[in-house]
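K.L.:
Next one to model:
(chains A and B)
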Amino acid sequence: MIRVVIIGGGWAGCAAAVAAKKAGAKVILIERTDMLLGLGNVGGIMRNNGRYTAAEECIALGAKELFAITDKASRHVNIDFPGHKHASLYDVTKVEPMVRILLKEMGIEMHFISRAIDVEMDGRTIKGIYLQNEELLEGDIFIETTGSTGPMGNCLKYGNGCSMCILRCPSFGPRISISQKTGVADILGQRGDGSYGAFSGSCKLNKDSLSEEIRDALNSKGVVVLPVPKEDINSDKLSLKVCQQYALKEYAENIVLLDTGHAKLMTPFYPLEKLRKIKGLEFARYEDPYAGGIGNSIRYLSTSPRDNGMKVKGVENLLCAGEKSGLFVGHTEAITTGSLAGHNAVRLALGLHLLELPRNLAVGDLIAFANERIQQKDGLKERFTFAGSTYFKRMNEKGLYILDKDKIAKKVRRIDLYGIFNEKII
Amino acid sequence: MARVKTVCVDAGSEFCPCYLAELNECITCSHLQGKGFCDCGNIGICIYQEYIWCGSKKKATRGVFPAKILEKHPLSKKAVLLKLKVSKKLARQLNEPGAFVFLREKHMPHYFDAPMSIMNSSEEGGVILIAIQIRGIKTKTLKNVGNEVLLKGPYWNGILGKAFLKQVAGENCLVVAKGISQAPAVLVVNKLIKNNNNVEIILDKGNLGKIFVDGYLDRERCSIVSLDLMSSSGREYLEQKLSDRNLRLVFSAGPDKLHLEILEKLAVLNPEVLLAVTNNTPMVCGEGVCGSCSVVLENGLQIRACKTQVDVRKAMERRVLRD
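P.N.:
Numbers count the residues shown, from 1 in each chain, chains lettered A, B, ... in the order given. Modelled structure (predicted):
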């Protein structure tokens, strides 16, 4: 039986696990911490702008399971907030156990508190990966979904230091770039000023620490917009962040709060004292990162060169997905790339051609477009998401932004890929 | 690719970051090796963060203190047991398997510093015990030391495989100690007993000609056997003990030859057993600077054995190839 080993249990790793399992592999998923989903435990925004199209395309391609969970766990559906339409916000306090149950029921072998630290190579093929306890975990195909965030030293060198985020590096150990260990150099994203990495784009406030009025508004409408005092408006901060889809003027002049179970504050960090000057936030405290007043995690320090079938260039049996596979932002983008990598893991093991998603689908175009741009110098400063910025603009221009579910399903049928991720190919 | 895990024994201590961090030669932190990204061995703390918080400077290094000699007992013609008065803090820091200090006759220059294992340490009285075998230039100056000696410390890398000694609890352990190396076995045995292990101790008087630690071991909670490990009956006994399927850990205190013999026997008889050994590498500065403790591992990695915890098997294999 083909053994597919997935390194990293975030959204991309979980999607890869589901797809590889459905394609017929024995799947082993290893995760550094004690929870799946990684940054997905503090995210929550789905289906905003072009992500709606991408989610429906994935569902039509057969990658429906994880979207079914995020839809089911949504606290708010079809809400608008500055620059964004028809978003769903899943409850970050409920979603992880739901995904864990799904993977368990599918028979995916999961190992928690299992950190990959090195590789054993046989020429340009990975024979196995070494875990923290020195155990060698062997496999036929490996998928790296370790992300590009942290650990502490990187967050310090390229940011404001460890701000104690959900990744909990001091407790579970640092993320290690597996592709780099195979000898393939990482590609680094840049900020507007050319410095490396970028801050995560939001922090989360404890909802119980907010005024009753704000809490009620969040619970009923899902979004609250509060004006920032004039003297505290800092537009420069927008260029620091990962999420260029939220790097809009409205986000400098206002505090935008979204209800994801926590109150998601759409800015990388905000000094606590300034935050408490705003009406209703007088008692506010951070939930993630705990030191959201001073900084946030640093991302995009570790992207692998890959082809459009998600195989890492220069290694025979390694694929990648999520942030590891490009300067992507978001859960939808992780699930998209993860599903393709999982499916292609089995194809690679069988010696078949890898599936490349066609460019008349937003999901295929994003994967290919991000790959083209990363090879250009100015492309290293861009981030790619269906939800905004460069790529959403492109989706609009190319007529790829479609909100009619039936039309999307028909399109996927027409190109003969309907349900392809459901096919067992072994 | 041979994978070797190396961890600095001082990482996270009050002496970290040290000179090596300032010089981009940190044993653990990749940023402080001049590399751009994190690739440390997860030690639970971030040395780089600490370094930046210290204003990109090292912390204070270990001091040299005069230590009063409270008692001096000859163990043989060429060995002496010293009871030294130190601060309670230093006694507490030295109450750990693998702890050692550098000792020097107070009129001699710093290059007479001789590394000496701690045999026992009492925090309450601020008293430490050190057994010295007179065998070379440095130790000869300590033979007729007066009522005071210069002491530099604390140091902790006197044992390779320290992590095993900490993690083993409620298991069967074998301690093999020979000659002057009986001394560092005392703190190890006490630690293993504290963690509710069943401990059997094989003591060999070696060329020192004397068993001198039995009075410091809790005889009710461990069993002690004295024998000659070079005799055929001694070898047979050791082999029989090493092949016990219920054995979890072996601590070897003695020359590298003893370590190697145990290592080779375990490889055949009981490869899963954890192994910790005394670190016999020559040391001069103890700070990873002078290079006298350099060991080149099989994958070409050069380590400073005075500060680096490395897999015993890797360290031993290479040393024998070199010699």
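
K.L.:
Listing request: residues of the stretch 1-150 of chain B with sub-threshold pLDDT.
P.N.:
B:1-4, B:42 (pLDDT under 70).

K.L.:
Near chain A, which residues of it? Just list them.
P.N.:
Proximity of the stretch 1-150 of chain B to chain A is confined to B:1, B:3, B:5, B:29-31, B:36-42, B:44-46, B:48-49, B:52 under the rule Cβ under 8 Å from any Cβ of the partner chain. From N, CA and C alone the C-beta is placed, and that goes for glycine too.

K.L.:
Quick check: helices, which of those residues are part of them?
P.N.:
B:Tyr48, B:Gln49, B:Ile52 (DSSP state H).

K.L.:
follow-up on the earlier one: out of the residues of the stretch 1-150 of chain B next to chain A, which are buried?
P.N.:
B:29-31, B:37-42, B:45-46, B:48-49, B:52 (16 or more other Cβ atoms under 10 Å in any protein chain shown).

K.L.:
what about the residue lying closest to B:Val64 once chain neighbours are set aside, which helix or strand?
P.N.:
Spatial nearest neighbour of B:Val64, chain neighbours left out: B:Lys152 (4.7 Å); criterion: Cβ to Cβ, 6 or more residues apart in numbering or on different chains. Using DSSP states H and E, B:Lys152 sits in strand B:148-155.

K.L.:
chain center to that strand: distance?
P.N.:
Chain-centre distance of strand B:148-155: 16 Å, with Cα atoms, centre = their mean, to the nearest Å.

K.L.:
May I see the buried residues of that strand?
P.N.:
In strand B:148-155, counting by 16+ other Cβ under 10 Å, buried: B:Val149, B:Leu150, B:Leu151, B:Lys152, B:Gly153, B:Pro154, B:Tyr155.

K.L.:
Please, where are all the helices along the stretch 201-350 of chain A?
P.N.:
Secondary structure of the stretch 201-350 of chain A (DSSP state H, counting those that start in this stretch): helices at A:212-221, A:249-253, A:272-275, A:331-350.

K.L.:
List the buried residues of the shortest one.
P.N.:
Put plainly, it is helix A:272-275. For helix A:272-275, by 16+ other Cβ under 10 Å, it's A:Leu275.

K.L.:
which outside residues touch it?
P.N.:
Helix A:272-275 is contacted by residues A:Pro229, A:Asp232, A:Ile255, A:Leu281, A:Ala284, A:Arg285, A:Tyr286, A:Gly292, A:Gly293 when judged by Cβ atoms under 8 Å, 6 or more residues apart in numbering or on different chains.

K.L.:
what is the mean pLDDT for the helix or strand encompassing A:Cys58?
P.N.:
Per DSSP H and E: A:Cys58 is located in helix A:51-61. Across helix A:51-61, the average pLDDT comes to 98.

K.L.:
Spell out the secondary structure type for A:Ile143.
P.N.:
Recorded secondary structure, A:Ile143: strand (DSSP: H, G, I helix; E, B strand; the rest coil).

K.L.:
quick one: contacts for it?
P.N.:
A:Ile143 neighbours (Cβ under 8 Å, 6+ apart): A:4-7, A:13, A:16, A:20, A:318-321, A:341-342, A:345.

K.L.:
where in the stretch 101-250 of chain A is pLDDT low?
P.N.:
Where the stretch 101-250 of chain A drops to pLDDT under 70, the residues are A:237-245.

K.L.:
run the last query once more with 80
P.N.:
Scanning the stretch 101-250 of chain A for pLDDT under 80 picks out A:234-248.

K.L.:
Might you name the residue of it sitting closest to chain B?
P.N.:
For the stretch 101-250 of chain A, the nearest residue to chain B under the criterion Cβ to the nearest Cβ is A:Gly173, separated by 3.2 Å.

K.L.:
how far away is that residue from A:Gly9?
P.N.:
Using Cβ to Cβ, to the nearest Å, A:Gly173 is found at 14 Å from A:Gly9.

K.L.:
what about those two, which has more around it?
P.N.:
Counting neighbours by other Cβ atoms under 10 Å in any protein chain shown for A:Gly173 and for A:Gly9 shows that A:Gly9 has the greater number, 31 against 20.

K.L.:
On the pLDDT front, check that one for me.
P.N.:
Model confidence at A:Gly9, given as pLDDT, is 98.

K.L.:
Quick one: neighbours of the residue lying closest to it once chain neighbours are set aside, just the number.
P.N.:
Nearest non-adjacent residue to A:Gly9, counting by Cβ to Cβ, 6+ apart: A:Glu31, 3.3 Å away. Other residues lying near A:Glu31 total 26 when counted by other Cβ under 10 Å.

K.L.:
Quick one: residues contacting A:Glu31.
P.N.:
By Cβ under 8 Å, 6+ apart, the neighbours of A:Glu31 are A:Gly8, A:Gly9, A:Gly13, A:Met110, A:His111, A:Phe112, A:Ile113, A:Ser114.

K.L.:
you'd agree the last one is up against A:Leu131?
P.N.:
Yes: counting by Cβ atoms under 8 Å, A:Ser114 does reach A:Leu131; the two are 5.4 Å apart.

K.L.:
which residues does B:Arg221 contact?
P.N.:
B:Ile193, B:Val199.

K.L.:
Which phi and psi values does the nearest residue to B:Ser226 once chain neighbours are set aside adopt?
P.N.:
Leaving aside its chain neighbours, B:Ser226 sits nearest to B:Leu203 (4.9 Å; criterion: Cβ to Cβ, 6+ apart). B:Leu203 has phi and psi values of phi -110, psi 130 when expressed as degrees, to the nearest 10.

K.L.:
I'm done for today, thanks for sticking with me.
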